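*Asks:* Give me a 3D structure for the following:
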Amino acid sequence: MFLGEIDYAEEDIDIRKESCKRLFDRKYPPGYTLDGEGIKISIDFPLSKYYPNSAKKKGIYNCIIYSHVVVTKNNHLAHYCLEENTCGYVPFEDAAGAILVKADYKACMLKGRPIACSQKVPLDFKLVDE
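*Replies:* Model prediction:
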C-alpha cells in the first residue's frame, strides 16, 4: 500500500497523542501526589455524540478508556495517552482522544502556583435508553 492510497484527513492526526511509555518517561509529577490540587477537567459538551454508532449496532453498552493527560501550567493539554480499553473496541479510543482534546483543563496547583503535571483520566462510555 502506498501512502497516496491511505484515506485520512490531516486534522485527524493529533500530535499530542503519544505512547504511555513516552509520556511516563517525561516524568511529570502525578497530580494526585502533590500537596495541592490535581488537574481539573471540564467537559461542557454532550458526550452522547461521541458514542460510536458502530458500537451501538454491535450492542456494546459500556466501555471505559483509561487515559493519562499532561496539562501545562498554562492550562493547556500538552500530551495524552490511552492506556487501557476495557471493551477492546478501537472506535472508543478515537472518541476518547476527541473528548480529551476538546475538554478544558485547569493545571495542578502546588503552594498556590500552577505547575505542569500528569493525571490518569477514566472516560466511561455508557449507552443509555433515551
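*Asks:* OK, contacts around Y80?
*Replies:* Contacts for Y80 (Cβ atoms under 8 Å, 6 or more residues apart in numbering) come out as R16, K17, E18, L23, S67, H68, V69, V70, G97, L100, V101. Every C-beta, even on glycine, is put in place using the N, C-alpha and C of the backbone.
*Asks:* Sort out which of those residues are in strands and list them.
*Replies:* Under the assignment DSSP state E, the contacts of Y80 contribute S67, H68, V69, V70 to strands.
*Asks:* Can you check the pLDDT for the residue nearest to the spatial centre of the chain?
*Replies:* A centroid search over the chain (Cα atoms, centre = their mean) returns L100, at 3.8 Å, as the residue closest to the centre. With respect to pLDDT, L100 scores 96.
*Asks:* how far away is it from K17?
*Replies:* Distance, L100 to K17, by Cβ to Cβ, to the nearest Å: 9 Å.
*Asks:* Please save the CA atoms from stretch 39-50 in PDB.
*Replies:* What follows is stretch 39-50, C-alpha atoms only, in PDB (Å, rounded to 0.1, in the frame of the first residue of the first chain):
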ATOM      1  CA  ILE A  39      -5.800  18.600  37.300                       C
ATOM      2  CA  LYS A  40      -9.400  19.800  36.900                       C
ATOM      3  CA  ILE A  41     -11.100  18.700  33.800                       C
ATOM      4  CA  SER A  42     -14.300  20.400  32.500                       C
ATOM      5  CA  ILE A  43     -16.400  18.700  29.800                       C
ATOM      6  CA  ASP A  44     -19.100  21.200  28.800                       C
ATOM      7  CA  PHE A  45     -20.400  19.400  25.800                       C
ATOM      8  CA  PRO A  46     -22.700  16.400  25.300                       C
ATOM      9  CA  LEU A  47     -20.700  13.100  25.400                       C
ATOM     10  CA  SER A  48     -23.500  11.200  23.700                       C
ATOM     11  CA  LYS A  49     -22.400  12.400  20.200                       C
ATOM     12  CA  TYR A  50     -19.100  10.700  20.800                       C
END
